[in-house]
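Whatever this is, show me its structure:
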Amino acid sequence: MKKLTTFIITGLIFLSFEGLSQKGFVNDRSFNGAFQAKNFHSATVDDNNTKWFLTEAGMVSFDGKKWKLCNKNKNIPTKDLRDLSVYGKEVLIATPNGATVTNLPIKHKTGVTTYNTDNASILSNNVVSVATGKSAVRWFGTDKGISAVLDNKWLQVGYEDMYPGFMFEEFRITSMATNRTGDSLYVGTEGAGIARIFRNEVDGISGASVYAQWGPIILPSDKVYSILIAPDGTKWFGTESGVAKHVGNNTLENWTVYSTKDGLVNDFVQAIDIDKNGKLWFGTKGGVSVFDGSKWTSYTVNDGLNSNNILCITVDKNDIVWLGTDNGVMCYNNGTLISYK
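Below you'll find the model as predicted:
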């Protein structure tokens, strides 16, 4: 039997189990009229632990006290936002009209730059994903391939023989993640597996061999929808048919696949993140699963989730796990589940 704990914070009673809160014991909150949104499909955390999300209302933020809709600066787009990433004091946003970059904090007169084919060497205005790591390289995934900029210099593309441009038009980019330094990029596609791009020594970007089901590796599907590079370098790839784990640098070895047969709540894995204890959080179309390396624990709407359709996951600097869904956003904090919608 799970242990029930009751405690009071600022006049609100929280009922918390050891594990995720049970249905009926979720703390429901609102956005206090700051905006109206249901779909939270991309998330990140900045150096000040402010949470950033993309929604149908635009980009929103939460500093732990107040929700804000970023609609005061007219140069920041609000419609059809695809992806976002934070590098230092910069926020990168993928849009169908280019890649927008702005500085933090965002105010109504904060400088905004939108990279497009008219003012930059980006391959296409149709930007579907962005990624950054610890290095200053900023990566942009488009419908015609990968572009990158470093210190205001656009890197020359040298991967055409490995990944021709039409590949990304036919098999759209679905997710991107860098290694810890940010100098190598893993690109998930819808049907062509995983492309690997790296910055070379002559300020260009090159390609490595592809991770694909038709290669001699164990990848459950060529449709890859989420990627996580863990702090120890382990690579996790969420697909429509389960999740693949790859350890080490040998492309052909040390692959492991997990699916519903192993404990995953649903095989369509749309989001992955890792908490400070090393537990992996997998957001699927059927709920969320947590993996500690040996044991799987899964949760659905029956356990208090707003929705089983988990669109994004991010872990903040206080080790609070944020789950973006198609019915609001939730956070899990030490056994307490809080719902915002």
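
for the helix or strand harbouring residue 339, packing partners?
Residue 339 belongs to strand 336-340 when assigned by DSSP states H and E. With contacts defined as 3 or more CB pairs under 8 Å, 6 or more residues apart in numbering; DSSP states H and E, the packing partners of strand 336-340 are strand 27-29, strand 328-333. Yep, even glycine has a C-beta here, placed from its N, CA and C like the rest.

Single out the most deeply packed of the ones you listed.
With neighbours taken as mean count of other CB atoms under 10 Å, those reach their highest mean count in strand 328-333, at a mean of 23.

Can I get that strand in CSV, CA atoms only?
Extracted in CSV, the C-alpha atoms of strand 328-333 (Å, rounded to 0.1, in the frame of the first residue of the first chain):
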residue,chain,number,x,y,z
GLY,A,328,-2.6,21.8,-20.4
VAL,A,329,0.7,21.3,-18.6
MET,A,330,1.6,19.4,-15.4
CYS,A,331,4.5,19.3,-13.1
TYR,A,332,5.7,16.5,-10.8
ASN,A,333,7.5,17.6,-7.6
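
Just want the angle from it to strand 336-340.
Orientation of strand 328-333 against strand 336-340 (axes from the mean of the first three to the mean of the last three CA atoms, to 10 degrees) gives an angle of 160 degrees.

what is the mean pLDDT for strand 328-333?
Strand 328-333 shows a mean pLDDT of 95.

And for stretch 71-78?
Per-residue pLDDT over stretch 71-78 has a mean of 95.

Same check on stretch 98-106?
For stretch 98-106, mean pLDDT rounds to 96.

Same question for stretch 247-262.
For stretch 247-262, the per-residue pLDDT averages 94.

buried residues in that stretch?
By neighbour count on 16 or more other CB atoms under 10 Å, the buried set for stretch 247-262 is 251, 255, 257, 258, 259, 260.

Chain neighbours aside, what residue packs nearest to the fifth one?
Pointing back at residue 259 there. Closest residue to residue 259 apart from its sequence neighbours, by CB to CB, 6 or more residues apart in numbering: residue 242 at 3.6 Å.

Then residue 187?
Spatial nearest neighbour of residue 187, excluding adjacent residues (CB to CB, 6+ apart): residue 195 at 4.2 Å.

burial count for that neighbour?
Neighbour count for residue 195, taken as other CB atoms under 10 Å: 28.

surely it meets residue 210?
Yes - with contact defined as CB atoms under 8 Å, residue 195 counts as touching residue 210 (5.8 Å).

Find the residues that touch each one of the two.
162, 163 (CB atoms under 8 Å, 6 or more residues apart in numbering).

Count residues in the vicinity of residue 231, would you?
Residues near residue 231, counting by other CB under 10 Å, number 9.
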